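Novice: Below is the structure, and that's it, no one-letter string:
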């Protein structure tokens with residue numbers, strides 16, 4: 001079973017949001033979007049500083065809506081949330097030690113979405129490095145080590161994590177050498193996740209139960225985004241707000257998020273708080289070359305969801 005309850009009200013609202021999106025943006029096909037939306041009704045159990053124990057948190061029911069939420073899709077930089085949780089688990093368990101460079105890499109991986117920073121984090125998580133192609137025996141060992149993050153998330157016993165793949169680095173130009181061999185001739189071993197899997201991971205972070213309450217709060221701090229235009233990064237191709245879920249939110253809203261984009265996809269995963277309304281979690285993935293360059297789709301969906309939150313009973 002998925003981790004949230006599906007109810008009639010959210011089903012109706014979710015479907016109306018999608019229909020409005022397709023009507024307003026007719027170039028978006030029905031198989032080019034996936035969405036998971038979680039609503040936190042009172043009493044709100046998230047963003048509390050880890051006030052609940054894991055058992056109490058996971059036994060508290062939440063309701064949600066999903067559309068194609070089990071479809072495996074290339075996550076682009078949203079995969080960095082998995083590496084963020086994993087590296088905090090490694091640090092918590094003493095499987096690696098903290099230092100200035102690792103702290104800098106973790107910060108840049110999430111705040112700036114740096115692929116170079118992510119490369120170091122993946123190296124430390126797996127004990128592997130990029131480089132020339134390897135002979136068969138050493139390469140088999142290398143591949144086993146690189147799959148350690150997959151094994152970690154599968155060990156949690158969450159249904160949503162059973163069939164995802166989170167073992168590849170993120171790239172600007174693409175993989176070379178052993179990394180190219182690892183991803184496969186037809187890219188069959190590339191990272192693949194679902195919006196439901198991302199939603200459950202983000203749900204655990206904002207709930208304060210990802211690794212520990214202190215580490216969850218630290219992860220939340222890295223994901224916090226400003227909605228003020230004068231505080232957004234300048235001279236960057238994408239700032240993780242404009243063209244994403246935060247792009248249509250009112251200035252008084254608060255958002256914690258991680259976006260991802262390539263020439264083929266545009267995604268965002270966010271926890272959002274609007275004044276005097278129930279907080280919610282929203283994960284939206286979109287696919288297709290023309291869609292990836294469309295900076296209107298995610299803000300439109302986000303605006304529709306924000307308006308729907310005001311109509312919740």
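Specialist: Received the coordinates, thanks. If you're wondering where the values come from, they're calculated on a predicted model, not measured in any experiment.
Novice: Residues in contact with the lengthiest helix in the chain: which ones?
Specialist: In the chain, taking DSSP state H as the definition, the longest helix is helix 8-24. Contact partners of helix 8-24, identified using CB atoms under 8 Å, 6 or more residues apart in numbering, comprise 28, 30, 33, 35, 37, 39, 63-67, 297, 300-301, 304-305, 308, 311-313. Every C-beta, even on glycine, is put in place using the N, C-alpha and C of the backbone.
Novice: So which residues of the chain form strands?
Specialist: Defined through DSSP state E, the strands belonging to the chain, from first to last, are 5-6, 33-39, 63-67, 224-225, 254-261, 265-273, 280-287.
Novice: Report the buried residues of stretch 22-34.
Specialist: 25, 28, 32, 33, 34 (16 or more other CB atoms under 10 Å).
Novice: Start and end of that stretch, how far apart?
Specialist: By CA to CA, to the nearest Å, the extent of stretch 22-34 from end to end equals 13 Å.
Novice: Measure how buried residue 166 is and give me the count.
Specialist: Applying other CB atoms under 10 Å, we find 23 residues neighbouring residue 166.
Novice: How about the one 4 residues further on?
Specialist: Residue neighbour count, defined by other CB under 10 Å, stands at 24 for residue 170.
Novice: Reformat the buried residues of stretch 22-34 as TSV; add pLDDT and distance to residue 187.
Specialist: Putting the buried residues of stretch 22-34 into TSV (pLDDT from 0 to 100; distance: CB to CB, whole Å) gives the following:
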residue	pLDDT	distance to residue 187
25	97	28
28	97	24
32	98	19
33	98	21
34	98	19
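Novice: how about these, which pair is most distant?
Specialist: Distances among those were taken as CB to CB; the most separated pair is 25 and 34, at 15.3 Å.
Novice: re earlier: just the buried subset of the contacts of helix 8-24, please.
Specialist: Applying a neighbour-count criterion of 16+ other CB under 10 Å, the buried members of the contacts of helix 8-24 are 28, 33, 35, 37, 39, 63-67, 297, 300-301, 304-305, 308.
Novice: centroid residue for this structure?
Specialist: Nearest to the mean C-alpha position of the chain, by CA atoms, centre = their mean, lies residue 78 at 4.1 Å.
Novice: do you know how far the nearest residue to that residue once chain neighbours are set aside is from residue 180?
Specialist: Spatial nearest neighbour of residue 78, excluding adjacent residues (CB to CB, 6 or more residues apart in numbering): residue 260 at 4.0 Å. Using CB to CB, to the nearest Å, one obtains 21 Å as the distance from residue 260 to residue 180.
Novice: Look at these two and report which has more neighbours.
Specialist: Neighbour comparison, residue 260 and residue 180: the larger count goes to residue 260, with 24 against 15 (by other CB under 10 Å).
Novice: How about the contacts made by the more buried one?
Specialist: Remark: with contacts taken as CB under 8 Å, 6+ apart, residue 260 is in contact with 75, 76, 77, 78, 79, 80, 113, 266, 267, 268.
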